[in-house]
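Student: Give me coordinates for this.
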Amino acid sequence: MKEITLYSDGSSLGNPGPGGYGGILAYKNTRKEFFGGEPHTTNNRMELLGVIIGLEMLKEPCRVEVISDSSYVVKAINEWLAGWIKKEFKNVKNIDLWERYIIASKPHRVHGTWVRGHIGHPENERCDQLAKAEAQKMKFAR
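Tutor: Numbering: from 1, shown residues only. Here you go, the predicted model:
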């Protein structure tokens, strides 16, 4: 099983507001950047959507280490999701994205690792740049 690192970040200008996500898929010496956005969204939705899109890009089952500065995403992946499923997502926000995450993550073994944002972590900083650029595009696309 291939070992992939998925770096991801999200941004929104206002919460809610125009938003973007940016990510990097890394396998050995190969890296692929990806990004996108939505005109009206929240920061948490963009943080999660970046992870989902990265997982959806994988063509075979992999061991995936998600590196994110979003404690919401990392804690949900590692700790909360199983309980949310048991409780049928009662009182959980972003159910549509969490259901999409479940489908995207199913073939993989996913683990989240939290990193502090904005402290010079190169991949996290690059994902932040991509996410903010997409959020700006969405702001002016309205």
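
Student: How many neighbouring residues does residue 43 have?
Tutor: 22 (other C-beta atoms under 10 Å). No exception for glycine: its C-beta is placed from N, CA and C like everyone else's.

Student: these two touch, right, it and residue 18?
Tutor: No - using C-beta atoms under 8 Å, residue 43 makes no contact with residue 18, being 11.3 Å away.

Student: for this protein, which helix is longest?
Tutor: Ordering each helix of the chain by length in residues (DSSP state H) puts helix 122-141 first.

Student: Contacts for it next, please.
Tutor: Helix 122-141 has contacts (C-beta atoms under 8 Å, 6 or more residues apart in numbering) with 7-13, 17-24, 26, 33, 35-39, 46, 50, 67-69, 115, 117-118.

Student: so where's the chain shaky on pLDDT?
Tutor: Counting by pLDDT under 70, the ranges of the chain that qualify are 142.

Student: Show me where it has its helices.
Tutor: In the chain, the segments counted as helices under DSSP H are 43-57, 71-75, 81-86, 95-105, 122-141.

Student: could these go into a markdown table alongside distance to residue 3?
Tutor: A markdown table is the format used below for the helices of the chain (distance: least, C-beta to C-beta, whole Å):
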| stretch | distance to residue 3 |
| --- | --- |
| helix 43-57 | 14 |
| helix 71-75 | 18 |
| helix 81-86 | 21 |
| helix 95-105 | 15 |
| helix 122-141 | 15 |
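
Student: Give me whichever of the ones you listed is most buried.
Tutor: Among the helices of the chain, helix 43-57 has the highest mean neighbour count (mean count of other C-beta atoms under 10 Å), at a mean of 23.

Student: For that helix, which helices and strands make contact with it?
Tutor: Contact here means 3 or more C-beta pairs under 8 Å, 6 or more residues apart in numbering; DSSP states H and E; on that basis helix 43-57 packs against strand 2-12, strand 17-27, strand 30-41, strand 62-68, helix 71-75, helix 95-105, helix 122-141.

Student: Brilliant, that's me finished.
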